[in-house]
Every structure is written in structure tokens, then in C-alpha cells.
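the following comprises the amino acid sequence and a computationally predicted model.
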Amino acid sequence: MVKVYSITQCPWCDKVKKYLKSKNVDFEEHNIENSDEDAKACEVLSGDTMVPVITPDDKEYVVGFDKTKIDTMLGLQ
Amino acid sequence: MEKTSVKKDIVIIGAGMAGLTAALYAGRMNLNTIVLENAIVGGQIANATGIENYPGFMTVTGKELIETVQKQAENVGAVVDEFDIIERLELQNETKLVETANYIYETPVVILATGMNRRKLPLAEESKFANRGVHYCELCDGHMYQDKIIAVMGGGNAALDAALFLTKYASKLYLVHRSQFRADEITQEKVKQNSKIEIMLETEITKLLGDTRLRKIEILDKNTQSSSLLDVDAIFVNIGVEPNTALFKDQIKLSKRGHILAGEDCRTNLDGVFAAGDIREKEIHQLTTAASDGTTAALLAEKYIAKLREVN
């Protein structure tokens, strides 16, 4: 399952979530403001707590709304 | 892959208040309308945490306000596409072309409502520390600095609002501005009352220092001409905005400040091309005047289209 690390007020996180929904990609949202565990996982994955971070497998990830990179990583058209 | 051509009555470039208001009016006139946005729907106000000067609301977040306008526009048939990327505009001919990553839109009317982008910090070290201590979006990145020391650079309403917002994270916040505040009195008073904020006026930031992240800023007291170092974990830059004209600056008349030259009727030097909102050269740039421009541009675009249909 694709994970999106996010925070509550974040226009780019909103854009990523809207984009994944528009492409019918199921995802779990992990709000790093609400969970220390998620904040730590985000930092371990990307080396930072900048959001949004999108990952399909907790290995590969994209930071921010980079449509081309997200499409490539998730195999979207 | 060959791109599909699609005919539209109006293509609106930019989904801020001006663009979405234009879409709302165009949709209500049964015009086949699309709004394209390369960045964030809402533009600058997407980051606004509390708007208190938009008529009809005591206070409203930018997100709530713009989502409502978007829904209003979509309810009357306008389409908002924030995922396709606008690549090229051809505005000179009667039929204008708007090429995106996926489509080529053919249209008699383009409304340019691309708004403004935040001005970058004009220091050589900016790129080294971008997103590593130098930030432009307090809503997006403020959470990274829980219990840390933050500096905000700027003296307008946006800067002071950013400073107030960031005090929810910061243990200490320096508000640094090169001259006197331009923000309204109510906001200035809120800043002065906030015990976490230290105000530093007549002060320039002259250098950024650090390793892989920003650690210190060098500041210059303009009155004494003395420099000193401040320990900070981040700086949020809010030193104004510049018009977003990259897509069309070679095709349309711009003012010396780089805004589109268009009168109160929003008509540009090109037939069928209108400019609305902050991108238009005018004295007052407010959310209310952006909505006003969107209204004017859409209503006059409809008249322009009606005339073209009479002739053809």
C-alpha cells in the first residue's frame, strides 16, 4: 500500500492526495504531526521531516509533488 | 504520443481567486471553460491561515475560501485541472493555443490569472540551504522546527502573519526587516504582544552560515552599521512577490514592474486575451480586487465571444 507522509495544513500534501485519488491509487495517510512513530519513520526514510513524502514500499520515495517522479515510481500513465 | 486537440470557449491560466471567479462567471454563462494550474489551487492564499478582510466572513482560511469558490465554479460546469502541466501559450491569433503535457486547447479567449510568486532570498548561499533551513512556506515546513529558533524575514502582512503562525512551533522567533513594518496596525499589535517574537527593524540579513543545514545568519544593524551572528535553525523568507509571467512574457505587453498592462476592463494588447488579479498592473492587489477582476474578465470575454460568433 502506498504511504503518504503529511501534516495537517499543507497545500502540497493536499495536492498529492488529490492526485493519487484522481488516479485511483489506494494510499494510507501518515500525519507526522499526530504520531511520533510516523515522524520517525519519515525521517528514517527520507533523511528529513519535509512533507509530503510518497512511498510504495518504505524504500523508494518522492518528496513533494513531482508528478513525473511519482508517475514513474508508481507506474502511472 | 500525439496530443489530443480540444476546443474550449475560455481557457483560464491560474486557479487563484481571480481565475476561479472568472470560471464561476463563465460557467454561469454556459461557456465551455477550463482552468489550468501548474502549482497550487488558491495560489498565494492557499497558505493563508486566517483571512479577516474578505466580505461575508468574520474569518476564513485560504483553503476553505478557495475550495468553496472552486466548488461554485465546478457546479456550473467549469473544469479545474491542476495536474496537467501547461507548456506553451500561443496568444497572437484569433484562435489561441494552450499546449499542456496532455492536450492542445484551442480557444478564442484566454484569461491570464497567474498571480505572483514569492521573491527568493537574494543571497549567494540561498540555493545551498534551500529546504535545509531556508523556506518559503510556513504552513508546509514550519512543523520541522518544533522548539527551534526561527527567523522570519519581511515586514508586510504576509511576513507578520507567518511569524505569528510559526510561534506555535518556535521556542524563539526573530522577525527581521530592513526598514519599518508595512503590515496593518492590528497585525503589528499582535506581533508586539507575542512574547516569543523579537522584532529587529532596520536590520538586513547579509549572510547564511552552516554545514549541511542552516545554523546561523549574519545580520547588519543599518543604524550602527555593525554586523553580528544569530543562531537560528531556519529562516522563512517573506520579502514580497513577483509576477508570474514566464509562460507569456514575450507575447504580451508588460509594465516596468513586470505586470500585464491592462485597464480596469482587463483587456490586454491582444484581442481575446484578458488579465485578471495580481498579475494585472494596478495599484491595489487584494483578494477582493482579484475577485472583481475575475468577474470583469469573464463578463467581457463573453461579449467578445458573442461578437466573434456574430461575425463568423
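Thanks, I have the structure now.

CA atoms for contacts and neighbours, from now on please.
Noted.

who touches the closest residue to chain B within chain A in this structure?
The nearest approach of chain A to chain B comes at residue A:10, 4.8 Å away (CA to the nearest CA). The contact partners of residue A:10, by CA atoms under 8 Å, 6 or more residues apart in numbering or on different chains, come to B:47, B:139, B:140.

how about the strands in chain A?
Listed in chain order, the strands of chain A (DSSP state E) span A:2-6, A:27-31, A:53-55, A:62-63.

tell me the mean pLDDT over the second one?
Confidence over strand A:27-31, taken as the mean pLDDT, stands at 97.

distance check, the residue lying closest to residue B:166 once chain neighbours are set aside against residue B:165.
Counting by CA to CA, 6 or more residues apart in numbering or on different chains, residue B:166 lies nearest to residue B:142, which is 6.2 Å off, once chain neighbours are set aside. Using CA to CA, to the nearest Å, we find residue B:142 at a distance of 9 Å from residue B:165.

neighbour count winner among these two?
Taking neighbours as other CA atoms under 10 Å in any protein chain shown, residue B:142 and residue B:165 compare with residue B:142 leading, 23 against 17.

next, the more buried one: secondary structure please.
Using DSSP: H, G, I helix; E, B strand; the rest coil, the structure places residue B:142 in helix.

check contacts around residue 4.
Assuming you mean chain A. By CA under 8 Å, 6+ apart, the contact list for residue A:4 reads A:17, A:27, A:28, A:29, A:30, A:52, A:53, A:54, A:55.

my bad, the chain I had in mind was chain B
Per CA under 8 Å, 6+ apart, neighbours of residue B:4: B:102, B:103, B:104.

in chain B, what residue lies closest to chain A?
Per CA to the nearest CA, residue B:140 is where chain B lies closest to chain A, at 4.8 Å.

right, and that residue touches residue A:49 too?
No: using CA atoms under 8 Å, residue B:140 makes no contact with residue A:49, being 10.7 Å away.

which of the strands of chain A sits closest to residue B:244?
Closest to residue B:244 of the strands of chain A is strand A:62-63 (CA to CA; 24.0 Å).

give the buried residues for stretch B:242-257.
Buried residues in stretch B:242-257, counting neighbours by 16 or more other CA atoms under 10 Å in any protein chain shown, are found at B:242, B:243, B:244, B:245, B:248, B:252, B:253, B:254.

just the endpoints, please. Distance across it?
Distance across stretch B:242-257, first residue to last, is 9 Å (CA to CA).

need the contact partners of it.
Residues from elsewhere that reach stretch B:242-257 (CA under 8 Å, 6+ apart): B:87-89, B:91-92, B:114-119, B:258-261, B:268-270, B:278-279, B:281.

repeat that for 6 Å
The contact list for stretch B:242-257, computed with CA atoms under 6 Å, 6 or more residues apart in numbering or on different chains, reads B:114, B:115, B:116, B:117, B:119, B:259, B:260, B:261, B:279.

count of neighbours near the residue nearest to residue B:259 when sequence neighbours are not counted?
In this structure, residue B:259 finds its nearest non-sequential neighbour in residue B:281, 4.9 Å apart by CA to CA, 6+ apart. Counted with other CA under 10 Å, the neighbours of residue B:281 add up to 23.

quick one, helices of the stretch 151-300 of chain B?
Secondary structure of the stretch 151-300 of chain B, counting by DSSP state H, counting those that start in this stretch: helices at B:157-166, B:185-193, B:287-311.

picking up where we left off before, which of the contacts of stretch B:242-257 has the weakest pLDDT?
Lowest-confidence member of the contacts of stretch B:242-257: residue B:117, scoring 89 (pLDDT).

need the contact list for that one.
Residue B:117 touches B:241, B:242, counting by CA under 6 Å, 6+ apart.

the same query, at a cut-off of 8 Å, please.
Residue B:117 sits next to B:44, B:241, B:242, B:243, B:244 when contact means CA under 8 Å, 6+ apart.

which of the strands of chain A sits most buried?
Among the strands of chain A, judged by mean count of other CA atoms under 10 Å in any protein chain shown, the one packed with the most neighbours on average is strand A:53-55 (a mean of 25).

got phi/psi on residue B:180?
According to degrees, to the nearest 10, the main-chain angles of residue B:180 amount to phi -100, psi 160.

that one contacts residue B:200, correct?
No: contact criterion CA under 8 Å: residue B:180 and residue B:200 do not qualify, at 9.5 Å.

so the two - more neighbours on which side?
Between residue B:180 and residue B:200, residue B:200 has the larger neighbour count (other CA under 10 Å), namely 17 against 13.

quick check: bridge partners of that one?
Counting by DSSP bridges, residue B:200 is bridged to residue B:176.

spell out which parts of the stretch 51-200 of chain B neighbour chain A.
Neighbours of chain A within the stretch 51-200 of chain B, by CA under 8 Å from any CA of the partner chain: B:83, B:139, B:140, B:141, B:143, B:144.

now with 10 Å, please.
For the stretch 51-200 of chain B, the contact set with chain A under CA under 10 Å from any CA of the partner chain comprises B:63, B:82-85, B:131-132, B:137-145.

if any of these are buried, put those into a ChimeraX selection.
Only the buried entries of those go into this ChimeraX selection, using 16+ other CA under 10 Å:
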select /B:63,82,83,85,131,132,137,138,139,140,141,142,143,144,145
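
which residues touch the residue most central in space within chain B?
The residue lying closest to the centre of chain B (CA atoms, centre = their mean) is residue B:44, at 3.5 Å. By CA atoms under 10 Å, 6 or more residues apart in numbering or on different chains, the contact list for residue B:44 reads B:16, B:17, B:62, B:115, B:116, B:117, B:118, B:158, B:241, B:287.
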